[in-house]
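*Asks:* Predicted structure and sequence below. I'll ask about it afterward.
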There are 2 protein chains.
Amino acid sequence: MRRPTIVDIAKAAGVSKGAVSYALNGRPGVSEATRQRILDIAGQLGWAPSSAARALSDGRADAMGLVVDRPAAVLGNEPFFMQLISGIQSVLSGEAIPLLLQSSTDRELEMDIYRRWYAERRVDGVIMVDLRHDDPRLAAINAMRMPAVIIGGPYETGGIPCVWSNDAKAMHDVVRHLAGLGHEYIARVAGPENLVHTTTRSEAFAETVSELGLPDPEIVYTDYSGEQGATVTRSLLSREKPPTAIIFDNDLMAVAALGVAQEFGISVPERLSVVAWDDSPLCRLVHPALTTITRDIVEHGSTAATMLMDLAEGEEAHSRGTSPAQLVTRASTGPAPR
Amino acid sequence: MRRPTIVDIAKAAGVSKGAVSYALNGRPGVSEATRQRILDIAGQLGWAPSSAARALSDGRADAMGLVVDRPAAVLGNEPFFMQLISGIQSVLSGEAIPLLLQSSTDRELEMDIYRRWYAERRVDGVIMVDLRHDDPRLAAINAMRMPAVIIGGPYETGGIPCVWSNDAKAMHDVVRHLAGLGHEYIARVAGPENLVHTTTRSEAFAETVSELGLPDPEIVYTDYSGEQGATVTRSLLSREKPPTAIIFDNDLMAVAALGVAQEFGISVPERLSVVAWDDSPLCRLVHPALTTITRDIVEHGSTAATMLMDLAEGEEAHSRGTSPAQLVTRASTGPAPR
DNA sequence: CTCATTTTATAAACCGGTTTATCGCTACAC
DNA sequence: GTGTAGCGATAAACCGGTTTATAAAATGAG
């Protein structure tokens, strides 16, 4: 039951190793008859190339990597990552390139993993998520000269190509939607402050609010968890002058807010409008269904994977924006209470 | 910026390749002084062993694989997988062993992936999920003699060791809980019928119901999606004699059911009790909070990974049960309406 | 002091592919 | 008939490690 090698094939076909290699890779150097004979024998023996031998010989790993730097518990509840992964897979699977996945607990460990993967020739490149301000990973990646693509940006990427979505525009749309419904006191419950895209959204939020001449808004930062979403919502609704609309940075916190509102006897959307970010089945299932910003996360993944493949081939890759995010209005937003 | 090899180290230290190998692997054959010198130089050069070269030389891949055979869209909404993965990672990361992840669309493709991975020496073993009746993967794995561990069972595993949870006992507890609250018409909204654990739960459900002398129950099979959960719930609640309690096979469908109940003006738990399966933050966030069966999914992953490592070392591994599933009663279950 | 043993180190083979250099042979142009 | 391409195939080097066989040097026993 030993796994067959090209030497086994060569013996069986009565030719040399080299001839077998040419035949199996479809390159010139063998006659058509010999090629067919070799292919047949390889098929019979159930041969598959040893990725280790290939990698050693041509220096390519034929694998890509993704490190996810969030607490494992949070992960399972963020549809974002699995959607991203499935987008990545849709491209890589076609090339029979596996994705190496490892979760990490902090950035230092994450950089170690990158270094090790690349030094060990386990991957040809990586996709990076959760871009931070002054992100130390950028310098590390650049120093290693490892092909990489960032999900996020387009600023502060240190010259590394990225796949970005126009969060500022999306936030603008949300605020205008709410203002159009008569809301004046709009709050924003954001993700972690050190993430670049959190700041991008916050700035767009503040800008649009001020453009519209609305009172100074409140922004609260969280760790994306449902617990913090609930806590923050409770605190906001307990104010003397509570907001009439809240924009959340993911779906889980918005769902938690619905629960808190119900607990407070505040009906949605009559007395409070709620907006989530990144659509998921969850947003459609809860009652009232959540108004959200819908982005095509799967597309983010497939675009990034395609760019990474190009980079690994030695070609250039340029940052790309994704299809624009859409505001999907559902039952959780309505006219501001009088 | 070429990645350094042991030859570079050997040159720098003025010794042979072999000496470097001994030094780096902590085996006898070099003096303590030489070993230190070599280690220092390796550190300075930022050397890491080429996994390809190692794999080629000792025949080990130092990687494990997981194929997820569900539609990508469903994946993002199932906390199960990310939790399982994080459990697996918690063991593998410690050994610096990456996890190869690939999603597939059908079982044939999945078996191809296993075959290729193993033939290409990309993995030393795999973890299999979603055990089905007459699962063709079992024969394939056994024929390849590839180390593997199944999440599920303990029946129909074809002799492959597994990590299983006592679903029958859990289902028994749920039904008794509901019966204790006075419920007689209890329905079960299950996952796909061809999964072994779905049948296990269905049998336990039917058995317990009949033991308690309750009327013949209804079981409906779905694809786990929120949409089907909602559709089925709608149909059940439209019956002339609707169930007063419904047990779902995951959390998403239970959440969908809460929405449908609200839509129908049926209050939970006063007129309908709802039970979910596998706890997640979601179950705590919705209103009313969902009564669920809680299993330690992360533990499933870590146990499976440990067993797989043993198998790959050539040791035997025996199937193991996990810590028992717990019924967590929350606000979504209450006394049956009169 | 000699001989046996252990320690330290090296050269070379090996893992399974890819690739380069080489060679014999046929086909073709001149 | 000679020179030159071009085809089909092979031998051998190479990728970066591990491991075996072997040799030289240091150590110990008698």
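*Replies:* That came through, no problem.
*Asks:* which is the next helix or strand following the lowest-mean-pLDDT helix or strand in chain A?
*Replies:* Within chain A, judged by mean pLDDT, DSSP states H and E, the helix or strand with the poorest mean is helix A:72-75; its value is a mean of 63. Per DSSP states H and E, helix A:72-75 leads on to helix A:79-92 as the next helix or strand towards the C-terminus.
*Asks:* I would like the residues contacting that next one, please.
*Replies:* For helix A:79-92, contacts defined as C-beta atoms under 8 Å, 6 or more residues apart in numbering or on different chains pick out A:64, A:66, A:68, A:75, A:98-99, A:101, A:127, A:129, A:151, A:250-251, A:278, A:280, A:282, A:297-306, A:309, B:72-73, B:75-78, B:81-82, B:101-103. In this view, the C-beta of every residue, glycine as well, is placed from N, C-alpha and C.
*Asks:* Equivalent analysis for stretch A:191-198, please.
*Replies:* Under C-beta under 8 Å, 6+ apart, the answer for stretch A:191-198 is A:130-133, A:135, A:152-153, A:155-156, A:167, A:190, A:199, A:221-224, A:249-250.
*Asks:* what does chain A have sitting close to DNA strand D?
*Replies:* Residues of chain A lying close to DNA strand D (C-beta under 7 Å from any atom of the strand) are A:14-19, A:22, A:28-34, A:53, A:56-57, A:59.
*Asks:* can we see that at 6 Å?
*Replies:* A:Val15, A:Ser16, A:Lys17, A:Gly18, A:Ala19, A:Gly29, A:Val30, A:Ser31, A:Thr34, A:Leu56, A:Ser57 (C-beta under 6 Å from any atom of the strand).
*Asks:* what sits against the residue of the stretch 101-250 of chain A found nearest chain B?
*Replies:* Closest residue of the stretch 101-250 of chain A to chain B, C-beta to the nearest C-beta: A:Ala119 (3.2 Å). Shown in contact with A:Ala119 (C-beta under 8 Å, 6+ apart): B:Arg3, B:Gly46, B:Trp47, B:Ala48.
*Asks:* switch the cut-off to 7 Å
*Replies:* B:Arg3, B:Gly46, B:Ala48 (C-beta atoms under 7 Å, 6 or more residues apart in numbering or on different chains).
*Asks:* go on, A:Cys283?
*Replies:* A:Cys283 sits next to A:Asp251, A:Ala276, A:Ala289, A:Leu290, A:Thr292 when contact means C-beta under 7 Å, 6+ apart.
*Asks:* Confirm the last one sits in a strand?
*Replies:* Yes. A:Thr292: assigned to a strand according to DSSP: H, G, I helix; E, B strand; the rest coil.
*Asks:* Restricted to strands, list the contacts of stretch A:191-198.
*Replies:* Residues of those located in strands (DSSP state E): A:Ala190, A:Tyr221.
*Asks:* Can I get the buried part of the contacts of stretch A:191-198 as one PyMOL selection?
*Replies:* PyMOL command restricting those to the buried ones, with burial defined by 16 or more other C-beta atoms under 10 Å in any protein chain shown:
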select buried, chain A and resi 130+131+132+135+152+153+156+167+190+199+221+222+224+249+250
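*Asks:* is it true that A:Ile127 lies in a strand?
*Replies:* Yes. Checked against three-state DSSP, A:Ile127 lies within a strand.
*Asks:* And for it, the neighbour number?
*Replies:* Residues within reach of A:Ile127, counting by other C-beta atoms under 10 Å in any protein chain shown, total 24.
*Asks:* What pLDDT does the model give it?
*Replies:* You'll see A:Ile127 listed with a pLDDT of 95.
*Asks:* Could you pull up the contacting residues of it?
*Replies:* Per C-beta under 7 Å, 6+ apart, neighbours of A:Ile127: A:Met64, A:Leu66, A:Ile88, A:Val149, A:Ile151, A:Ala304, A:Leu308.
*Asks:* SS state for the closest residue to DNA strand D within the stretch 151-300 of chain A?
*Replies:* With C-beta to the nearest atom of the strand, the shortest gap between the stretch 151-300 of chain A and DNA strand D falls at A:Ile160, namely 24.8 Å. The local conformation at A:Ile160, judged by three-state DSSP, is coil.
*Asks:* hmm, which of the residues of chain A next to DNA strand D are the buried ones?
*Replies:* Buried among the residues of chain A next to DNA strand D (16+ other C-beta under 10 Å): A:Val15, A:Ala19, A:Val30, A:Thr34, A:Leu56.
*Asks:* So the last one sits against B:Ala52, correct?
*Replies:* Yes. Counting by C-beta atoms under 7 Å, B:Ala52 is a contact partner of A:Leu56 at 4.4 Å.
*Asks:* Look up how far B:Ala304 lies from the closest residue to DNA strand C within the stretch 151-300 of chain A.
*Replies:* In the stretch 151-300 of chain A, the residue that lies nearest DNA strand C is A:Pro161 (26.3 Å; C-beta to the nearest atom of the strand). Between A:Pro161 and B:Ala304 the computed distance is 37 Å (C-beta to C-beta, to the nearest Å).
*Asks:* buried ones in stretch A:206-218?
*Replies:* Buried residues in stretch A:206-218, counted by 16+ other C-beta under 10 Å: A:Ala206, A:Thr208, A:Val209, A:Leu214, A:Pro217.
*Asks:* One more: stretch A:189-197?
*Replies:* For stretch A:189-197, the buried set under the neighbour-count rule, 16+ other C-beta under 10 Å, comprises A:Val189, A:Ala190, A:Gly191, A:Leu195, A:Val196, A:His197.
*Asks:* Let me have the contacts of A:Ala119 in a markdown table, extended by neighbour count.
*Replies:* Listed next are the contacts of A:Ala119 as a markdown table, based on neighbours: other C-beta atoms under 10 Å in any protein chain shown:
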| residue | neighbour count |
| --- | --- |
| B:Arg3 | 17 |
| B:Gly46 | 11 |
| B:Ala48 | 17 |
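*Asks:* Would you check those and say which has the weakest pLDDT?
*Replies:* Lowest pLDDT within those is found at B:Arg3 (76).
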